[in-house]
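Asker: just the structure for this:
(4 chains)
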Protein chains: 2
Amino acid sequence: MDDAPTSPTPVLAPVAAEDIAGLRGFNRYFTRRIGALDDHYLGQDRPLGEARLLFEIGEGPVSLRELRGRLGLDAGYLSRMVKALEGEGLVRVSVHPGDSRLRVAELTSAGRTEVEEQNRRADALADGLLKGLTREQRGQLTGALADAQRLLRLAAIRVEVVDGTHPDARTCLDAYAADIDARFPEGYDPATLVPPHEVSGRSGAFLVAYEEGRPVGCGALRRLADGAGEIRHVWVHPDARRLGLARRLLGELERQAVARGHRVVRLDTHASLTEAQAVYRACGYTEIPRYNDDVYGAHFFEKRLGR
Amino acid sequence: MDDAPTSPTPVLAPVAAEDIAGLRGFNRYFTRRIGALDDHYLGQDRPLGEARLLFEIGEGPVSLRELRGRLGLDAGYLSRMVKALEGEGLVRVSVHPGDSRLRVAELTSAGRTEVEEQNRRADALADGLLKGLTREQRGQLTGALADAQRLLRLAAIRVEVVDGTHPDARTCLDAYAADIDARFPEGYDPATLVPPHEVSGRSGAFLVAYEEGRPVGCGALRRLADGAGEIRHVWVHPDARRLGLARRLLGELERQAVARGHRVVRLDTHASLTEAQAVYRACGYTEIPRYNDDVYGAHFFEKRLGR
DNA sequence: CCATTTGTTTGACTCTAGTCAAGCAATAGG
DNA sequence: CCTATTGCTTGACTAGAGTCAAACAAATGG
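Answerer: Numbers count the residues shown, from 1 in each chain, chains lettered A, B, ... in the order given. Okay, the predicted model is just below:
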């Protein structure tokens, strides 16, 4: 058990030099070769900044504030670019109906045409690149890129301990409640959610996972009457599923439990959450008899925290 | 045979939309997230162009001509940047000993220190990214990136038909001859190489594979006395091995053979080239009895070009 | 209702990156 | 030996990308 080759839940370990070299080598190759190419083609006759802006406005109307955040631009710089695009008839700007300080931009039909042309060019570029490969190799490439992207996204997600009353904690719990309310045949009563004070300070913890500053997952640890830890409300935003984030949250919650002196953690799940049950089992949890009177609980799990 | 799920040698087929979308999605994610981060950190207090230049000078002395090629810079622009770095005491420039038109740049110890600092920062960035993953996930990521890079390199290689007398053809054949001369216990006599006229025009073809403008592989097709095609001198530069380029060259040579009306191609290999034999077998070649008096040939193969 | 805060605009800059052409020195090719 | 050619430098210029501060209007919080 001590020298298990793979660890069921994440353990922090120093990063191997070859992994760093691999990532850096790929980064050099990719950005200099493919990325640069793409930027060059995307822009064509238009400055890259404007091309990116058009692309980012894309579908529905977007507020300038949103664009500023997404592209990381200076307010003045953005304002001027939008004005230039408006002057060319590619973008229409209007005042936000709800808040007159905000301005929202959307593409005109000419703008839409230009974005389509951009997409055509980018597709042609990708097509030209992939053409040299067999169908099988293309599939391998697509698979490898998907795996890499999944892992890079997971790696970029930061898990932080926040207070149970933190707005991001509430946002996540609301989404969690809505989510399972839709999934449980009997619905879900939000009053069942763990109260903020139980997951704050010494007695418990609340974790929020952030991807690019946006909360995309959470998990709570509280103390049971008998002194064991209890994990509750492990949730992952639909956009961030299938990355392995639930496992990561679980591991972080276990670390929090260890730090609070718990030697064992328990949790329960609803009968309908079969994937969750599989995750718990894979992470070293074993099924135990009912240990509480939770109306939604159907399966009960426990894990001893060793080391 | 007609509907075999995987094709032994490359066949051109339209690129699936999902492969294009996969590559484009990854490109967007990667360049905007990782690449941009990297550039930002790499530069720090120094313009990106100069930072890249320092990195590229790296070890041993490099001629400005070489740097110009590698970074794709304008001669005047490069000249000025080198001068600026020289002024800061990071780079030492001297006249090339062999050709006084050329100038060679190398790092001073201050320059080396700065590049080390660059590397430390880039390593720290990669380390910070990978830290969120388990050791197993890091290994998966490194593997996926290596696969993707291998396939992207292969995809970016262009195979062209050149005249047998073309300098790139000669370069490749010289490298090929030197390569096998070192591998064959009995050495290799370059006089055995196919004469240029046999691989030009209607009777044959000479293919050169280019990676970023540099020849990295070749292959020849000529016509045998009985009208069959013969494939010879399939060679891949050591830097471009393990990408699957030999298979690709083989496939292109077969296409050339079909275009010239050959219904069958043959080839021979030296007893010591066991990997090559494996490739031929995997690409649908079957071993046949000796069909020529080549002193180096030990195994003889044939493939019918059907459809 | 008054003071902040937020979202945006405008003017005035800076710096990086890059182009283009003229010119000079060394070399290569006939 | 003469004429390209190659490699580099210099001057003159441009455009893209971005910063910073002042100003102003709408919304928000006491």
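
Asker: got the contact list for the most centrally placed residue in chain A?
Answerer: Nearest to the mean C-alpha position of chain A, by Cα atoms, centre = their mean, lies residue A:240 at 3.9 Å. Applying Cβ atoms under 8 Å, 6 or more residues apart in numbering or on different chains, one finds that residue A:240 lies in contact with A:153, A:157, A:209, A:211, A:216, A:217. Placement of C-beta: from N, CA and C, glycine included.

Asker: so which of the residues you listed belong to strands?
Answerer: The strands, defined by DSSP state E, take in A:209, A:211, A:216, A:217 from the contacts of residue A:240.

Asker: mind checking which helix or strand residue A:111 is in?
Answerer: Using DSSP states H and E, residue A:111 falls within helix A:109-130.

Asker: and that helix, which residues are buried?
Answerer: Buried residues in helix A:109-130, counted by 16 or more other Cβ atoms under 10 Å in any protein chain shown: A:111, A:112, A:114, A:115, A:118, A:121, A:122, A:123, A:125, A:126, A:129, A:130.

Asker: for residue A:305, see how far away residue A:262 is.
Answerer: 6 Å (Cβ to Cβ, to the nearest Å).

Asker: okay, these two: which has more neighbours?
Answerer: More crowded of residue A:262 and residue A:305, by other Cβ atoms under 10 Å in any protein chain shown: residue A:262, with 20 against 16.

Asker: counting neighbours, what do you get for the spatially closest residue to the more buried one that is not a sequence neighbour?
Answerer: Leaving aside its chain neighbours, residue A:262 sits nearest to residue A:229 (3.7 Å; criterion: Cβ to Cβ, 6 or more residues apart in numbering or on different chains). By other Cβ under 10 Å, the residues close to residue A:229 number 26.

Asker: for residue A:229, phi and psi?
Answerer: phi -90, psi 150 (degrees, to the nearest 10).

Asker: who does it form a beta bridge with?
Answerer: Using DSSP bridges, the bridge partners assigned to residue A:229 are residue A:223, residue A:265.

Asker: the inter-axis angle of the host helix or strand of residue A:18 versus helix B:17-30?
Answerer: Using DSSP H and E, residue A:18 sits within helix A:17-30. Counting by axes from the mean of the first three to the mean of the last three Cα atoms, to 10 degrees, helix A:17-30 lies at 110 degrees to helix B:17-30.

Asker: contacting residues for the nearest residue in space to residue A:129 that is not next to it in sequence?
Answerer: Excluding the flanking residues, the one nearest residue A:129 by Cβ to Cβ, 6+ apart is residue B:155, at 5.1 Å. If you count contacts by Cβ under 8 Å, 6+ apart, residue B:155 has them with A:129, A:130, A:131, A:132, A:133, A:137, A:141.

Asker: wait, doesn't the first one sit right on residue A:33?
Answerer: Read it as residue A:129. No - the pair residue A:129 and residue A:33 does not pass the contact test of Cβ atoms under 8 Å, sitting 9.7 Å apart.

Asker: shared neighbours of those two, anything?
Answerer: Among the neighbours of residue A:129, those also in contact with residue A:33 (Cβ under 8 Å, 6+ apart) are B:152, B:156.
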